[in-house]
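Chemist: got a predicted model here, sequence first, then my questions.
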Amino acid sequence: MRQVTDAERRVRLGVRHSLAPSARVDSADAAAAAVVALHATEAASVYLSCWARMKSVCVADIDRALYEDRSLIKQLAMRRTLFAFPRDLLPAVWSSASARVADIERTRIIRGVERAGLAADGQAWLQRARTDVLAALADIPSGRTAQEIRQAVPRIDVPVALVAGSTRAATAVLTQLGAAGEIVRGANVGHWRTSRPLLTLMHHWIVDLGEPTSAEEGYRELVRRWLYRFGPGTVEDMVWWLGSTKATVRKALIALEAVEVALCGGSIGWLLPDDLDKLDDPGTWVALLPVLDPTVMGWRHREFYLGPHRSQLFDTRGNAGATAWVDGRVVGGWVQDESGEVHVRLLEPVARRAQRALGAEAARLTSWLAGVRIGANVQAPVATEPSIRQQHPGKQ
């Protein structure tokens, strides 16, 4: 059986995720494809994930992909997480990961409606609510804010939490419609670092939708892309990433004729049959990745790149904070001070050359942000504990 060491996995990560300078790409679309899809729960992370992977980029380039060309589409999918997907992947996502989330949300809402006493028949209530929301958006291609939809559809404008994480019935209904691919987050009326989307009908936002695949075909395509970008990985890694089941993953692996490989520690990983060769080492590289970047969130078993630092880099809900990388390993995090200057916080000693490279990368990010301060809902200990060593850009 082919042996894939942790060092080789880190080489693949640097190349396939477009993080090593020689592997950086020219467009936001290519940056998203490098990690299958970009995490979009934190609005700023889409921009910072692209910045880390592109040779040259400005905010307008990413705005164009999201809102003009619409080649990147925000869609609720795996693990009930919002992603920015390359448009060609949407038919596979809708029929598989998104459909699973939509079905789960539907069941939760129906139970929540009946439990809250909004209606005796939760299914009928939800169907009427969905119909009313779609009608409220039918004649407004530009879309409406969530608040405007609530005002137009009084049925859902009630302060009842129908599912965990929602504060109003409207939140749950709009989430379910989004997961089902019937509505989409269109233009953002706020600053790029915040999320204030206009919600619109999917067929208003994308004219050439394409036909959804079957669920089996959809999962197979997602697993194929994951294996190429994140492989090798274990069945447990793929189950976690997809938010699906072992049976689903194993069926996809069989259809893809995926090949077993031996990983460090004795576990079994998988690669595509035409992707078994070693990649050329891209040389030393560093990266500063944002909160919830797809690279740090891409596996369930993360020891080969996290080492002993999990507790310092993730919050209590399992969300990753901003991370600093050297040659495929996380060595710390990064923060901004009140002036907007980026500082690296190291969790372990690194070579002087790597320190200088991290300082240069922090200075580059400071310049790109041009004083914009990034707030985030994820606060990992590395960003909040003052005892962690702070490395100032360009200073040792």
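Modeler: Happy to help now that I have it. A quick note: this is a predicted structure, and the numbers were derived from the prediction, not measured.
Chemist: next, count neighbours for the closest residue to residue 313 other than its chain neighbours.
Modeler: Distances taken as C-beta to C-beta, 6 or more residues apart in numbering place residue 380 nearest to residue 313, at 5.2 Å, with adjacent residues excluded. Where you see a C-beta, it was placed from the backbone N, CA and C, and this is true even at glycine. A count of nearby residues for residue 380, using other C-beta atoms under 10 Å, gives 23.
Chemist: which residues sit in contact with residue 123?
Modeler: residue 110 (C-beta atoms under 8 Å, 6 or more residues apart in numbering).
Chemist: and it, that's in a helix?
Modeler: Yes. Counting by DSSP: H, G, I helix; E, B strand; the rest coil, residue 123 is part of a helix.
Chemist: and the residue nearest to residue 313, how far from residue 215?
Modeler: Distance, residue 380 to residue 215, by C-beta to C-beta, to the nearest Å: 35 Å.
Chemist: try residue 67
Modeler: In terms of C-beta to C-beta, residue 67 sits 30 Å off from residue 215.
Chemist: repeat for residue 61
Modeler: 34 Å.
Chemist: what of residue 328?
Modeler: 34 Å.
Chemist: same check on residue 119?
Modeler: Residue 119 is 30 Å from residue 215, by C-beta to C-beta.
Chemist: where exactly do the helices run in the stretch 151-300 of the chain?
Modeler: 169-179, 202-205, 215-230, 235-242, 246-255 (DSSP state H, counting those that start in this stretch).
Chemist: out of these, flag the one nearest residue 289.
Modeler: helix 215-230 (14.7 Å; C-beta to C-beta).
Chemist: buried stuff in the closest one?
Modeler: By 16 or more other C-beta atoms under 10 Å, the buried positions in helix 215-230 come out as 215, 217-230.
Chemist: how about stretch 136-152?
Modeler: 136-137, 143-144, 149-150, 152.
Chemist: now stretch 238-247
Modeler: Within stretch 238-247, the residues that count as buried by 16+ other C-beta under 10 Å are 238-242, 244.
Chemist: which outside residues touch it?
Modeler: Applying C-beta under 8 Å, 6+ apart, the set of residues contacting stretch 238-247 is 78-81, 96-97, 100-101, 219, 222-223, 226, 230, 235, 248-249, 270, 298-300.
Chemist: also stretch 131-148?
Modeler: 149, 152-153, 155-156, 170-171, 173-174, 177, 182-183, 186-187, 189, 196-201, 204-205.
Chemist: strands of the chain, residue ranges please.
Modeler: Remark: strands assigned in the chain by DSSP state E are 3-4, 38-39, 72-76, 82-86, 183-188, 197-201, 259-263, 268-271, 286-289, 323-326, 329-336, 342-346, 390-391.
Chemist: with distance to residue 126, mean pLDDT and mean neighbour count added, can I get the ones you listed in TSV?
Modeler: Formatted as TSV, the strands of the chain follow (distance: least, C-beta to C-beta, whole Å; pLDDT from 0 to 100; neighbours: other C-beta atoms under 10 Å):
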stretch	distance to residue 126	mean pLDDT	mean neighbour count
strand 3-4	47	98	14
strand 38-39	28	98	26
strand 72-76	17	97	26
strand 82-86	21	98	24
strand 183-188	15	96	21
strand 197-201	17	97	20
strand 259-263	44	98	17
strand 268-271	39	98	20
strand 286-289	38	98	24
strand 323-326	40	97	25
strand 329-336	42	96	22
strand 342-346	45	96	22
strand 390-391	50	54	16
